[in-house]
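Asks: Sequence and predicted structure are below.
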Amino acid sequence: MENSPFSKEIIDKKIKELRIADPGKASIREIVALVNLVEEETGQKYIRMEMGVPGLPPAQVGVDAEIEALQRGVAAIYPMVDGIKPLKEEAARFIKNFLDIEVSPKSCIPTVGSMQGTYSAFLAVGNAVKGKDTTLFIDPGFPVQKQQMQVLGQKYKTFDVFHFRGEKLKAKLEEYLSKGDICSIVYSNPNNPAWICLSEEELQTIGDLANQYDVVVMEDLAYFGMDFRQDFSKPGEPPFQPTVARYTENYILFISSSKIFSYAGQRCALMIVSDSLYKRDYPDLQERFGGTDFGSTITLRLIYALSTGASHSAQWALAAMLKAANEGRFNFVESVKEYGEKAKVMKRLFLENGFDIVYKEDLDQPIANGFYFTISYPGMTGNQLVANLLYYGVSAIALDNTGSDEEGIRACVSFVKREQFGDMEERLKLFNEYFSQKN
Ligand SMILES: Cc1ncc(COP(=O)(O)O)c(C=O)c1O
């Protein structure tokens, strides 16, 4: 690695300092810590692709509403544990306008980021029916949700959807569902990390099976509307963001404000429970947590115990952003299109320098350009690629962190600045010069 632009000695020293056994296998936060230390000591900047930080300014309409709410004094007051009324109302309108799904405001619950949404939903669904206690992840997926499983001490199974798209999905899901222990199916759409976008047909398969086997589908819409191949930005007008909610009432949707509104720092998201699931009584759940119906158990037992609601001022911000989107005053899709544009350039730089895209196709189309993409390098495992790229000033996480069976890494485009594309190209060239000779 004689041609690497970053000092191997410094990087190796920092890896030791942080007690990272194998940088290729490091978690997102470990890579973040390592790269921070190396940047500090060398004064050089990495091409940072490890973490999904928004990288765009927060939606101004949210910032203004939050400042105004703070000036009105909301910081002194506990919000209702199931959320402030204006937010619940705008959320239900948003679901109608952009998903074309009817849901009542009561079923729209603010959470401390989608992280708290999935945590409390896992807790509820995993305890709803005795013996039905295992979550099925359609992977690759967001690594922290597996960590939530670990913290909760819950069981999960997972499979990589790479070889099971389209018509193959049904049989694969039934292989798991027919055992009778699966309580929920979890996936993100668009997918973190592969940027796969499940089709309406695939979602219908999932919804039909959820009805047949009585399991809850947890649909993570952190990247709502961000399949830029279609325009999902017009309120009340088709096309609508694809969703499983069209095919089953057994759903919980998670709508994060972190990416679509660049509001990650305020940790305020929405959990949308279908009206019929909200009202459902599960005797085992009542015995476990002492609550009443499913929805009230989530709000009055679980969220109450975890954080007693979400930040009051951030709820006003989210209400204002949703209202502006509902009224067609704020095109939230347009404001994040930059991610897709950057992905196009970044993919090209990788492809020109010996790399390949791992999750290349979305059914019969090339994968869309969005927040993430996946890449591989010939003859290298994903872990080796992460470790080797570190010496060339490029940071990412390995795909095996995400439940993928494929060798490669996840590239997140959001934090990379356009001004860095020149450095990026040069570093990938040096990387390829060195490793193409070795192979
Ligand atoms: C698929 C997915 N779900 C959830 C989250 C976290 O959302 P929040 O910031 O609202 O907790 C992320 C963030 O990267 C994500 O990629």
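Replies: Right, received. Where do you want to start? Numbers count the residues shown, from 1 in each chain.
Asks: Got the confidence number for the residue of the chain at minimum distance from the ligand?
Replies: Going by C-beta to the nearest ligand atom, the ligand is nearest to Gly113 of the chain, at 2.6 Å. Any C-beta I mention is one placed from the backbone N, CA and C, and that applies to glycine too. With respect to pLDDT, Gly113 scores 98.
Asks: I figured it hits Met271, correct?
Replies: No. The criterion here is C-beta atoms under 8 Å, and Gly113 misses it with Met271 at 10.5 Å.
Asks: Who has more neighbours out of those two?
Replies: Met271 (26 against 21; other C-beta atoms under 10 Å).
Asks: Show me the beta-bridge partners of that one.
Replies: On the basis of DSSP bridges, Met271 is bridged to Ile109, Phe254.
Asks: what about the nearest residue to Glu2 once chain neighbours are set aside, neighbour count?
Replies: Spatial nearest neighbour of Glu2, excluding adjacent residues (C-beta to C-beta, 6 or more residues apart in numbering): Tyr434 at 7.7 Å. A count of nearby residues for Tyr434, using other C-beta under 10 Å, gives 16.
Asks: For my notes, confirm Tyr434 occurs in a strand.
Replies: No. The assignment for Tyr434, made by DSSP: H, G, I helix; E, B strand; the rest coil, is helix rather than a strand.
Asks: Surely it touches Asn3?
Replies: Yes. Contact criterion C-beta under 8 Å: Tyr434 and Asn3 qualify, at 5.3 Å.
Asks: Ile138: which element?
Replies: Under the criterion of DSSP states H and E, Ile138 resides in strand 134-139.
Asks: Return the list of helices and strands in contact with the helix or strand containing Thr118.
Replies: Applying DSSP H and E as the criterion places Thr118 in helix 113-126. With contacts taken as 3 or more C-beta pairs under 8 Å, 6 or more residues apart in numbering; DSSP states H and E, helix 113-126 sits against strand 108-111, strand 134-139, helix 143-152, strand 182-188, strand 216-220, strand 251-256, strand 269-273, helix 304-306.
Asks: so which of these is the most packed in?
Replies: strand 108-111 (a mean of 28; mean count of other C-beta atoms under 10 Å).
Asks: average pLDDT for stretch 383-403?
Replies: For stretch 383-403, the per-residue pLDDT averages 94.
Asks: Which positions in this structure make contact with the ligand?
Replies: Proximity of the chain to the ligand, by C-beta under 6 Å from any ligand atom, involves residues 52, 113-115, 142, 188, 192, 220, 222, 256, 258, 264, 269.
Asks: run the last query once more with 8 Å
Replies: Residues of the chain lying close to the ligand by C-beta under 8 Å from any ligand atom are 52, 111-118, 141-142, 144-145, 188, 191-192, 220, 222-223, 254, 256-259, 264, 267-269, 371.
Asks: Pull the distance from stretch 203-218 to the chain's centre.
Replies: 21 Å (C-alpha atoms, centre = their mean, to the nearest Å).
Asks: pLDDT on that stretch, on average?
Replies: Rounded mean pLDDT across stretch 203-218 is 98.
Asks: Can you point out the buried residues in it?
Replies: Leu203, Gln204, Thr205, Ile206, Gly207, Leu209, Ala210, Tyr213, Val215, Val216, Val217, Met218 (16 or more other C-beta atoms under 10 Å).
Asks: Same question for stretch 366-383.
Replies: 367-377, 380-383.
Asks: hmm, who's touching the strand holding Ile138?
Replies: 122, 125-126, 145-146, 149, 154-161, 173, 176-177, 181-187, 206, 215, 402-404 (C-beta atoms under 8 Å, 6 or more residues apart in numbering).
Asks: same thing but at 7 Å, please
Replies: Strand 134-139 has contacts (C-beta atoms under 7 Å, 6 or more residues apart in numbering) with 122, 126, 149, 154-161, 176, 181-187, 402-404.
Asks: That strand pairs with which strands?
Replies: Counting by DSSP bridges, strand 134-139 is paired with strand 155-160 (parallel), strand 182-188 (parallel).
Asks: Please write out the alpha-carbon positions of that strand in CSV.
Replies: This file holds the C-alpha atoms of strand 134-139, laid out as CSV (Å, rounded to 0.1, in the frame of the first residue of the first chain):
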residue,chain,number,x,y,z
THR,A,134,-39.7,-14.3,16.4
THR,A,135,-39.2,-11.3,14.1
LEU,A,136,-38.4,-12.0,10.4
PHE,A,137,-36.2,-9.4,8.7
ILE,A,138,-36.2,-9.1,5.0
ASP,A,139,-32.5,-8.2,4.7
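Asks: mind starting the numbering at 181 from now?
Replies: Yes, from this point I'll number from 181; that puts the last item at strand 314-319.
Asks: quick check: angle from it to helix 293-306?
Replies: Calculated by axes from the mean of the first three to the mean of the last three C-alpha atoms, to 10 degrees, strand 314-319 forms an angle of 140 degrees with helix 293-306.
Asks: now strand 314-319: how far from the chain's centre is it?
Replies: The answer for strand 314-319 is 15 Å, by C-alpha atoms, centre = their mean.
Asks: Could you do stretch 388-403 as well?
Replies: Worked out by C-alpha atoms, centre = their mean, stretch 388-403 lies 16 Å from the chain centre.
Asks: Show the end-to-end separation of it, please.
Replies: 24 Å (C-alpha to C-alpha, to the nearest Å).
Asks: what's the answer for stretch 427-445, then?
Replies: Start-to-end, stretch 427-445 (C-alpha to C-alpha) is 33 Å.
Asks: right, and Leu433 touches Ala425 too?
Replies: Yes. The criterion here is C-beta atoms under 7 Å, and Leu433 meets it with Ala425 at 6.4 Å.
Asks: Okay, now the unreliable bits of the stretch 381-530 of the chain?
Replies: Low-confidence segments of the stretch 381-530 of the chain (pLDDT under 70): none present.
Asks: give me phi/psi at Phe553?
Replies: phi -150, psi 170 (degrees, to the nearest 10).
Asks: Could you do Ser575 as well?
Replies: phi -120, psi 140.
Asks: OK, contacts around it?
Replies: Ile211, Val215, Tyr226, Arg228, Met229, Glu230.
Asks: How about the fourth one, nearest residue that isn't a chain neighbour?
Replies: Just to be clear, that refers to Arg228. Phe595 (4.7 Å).
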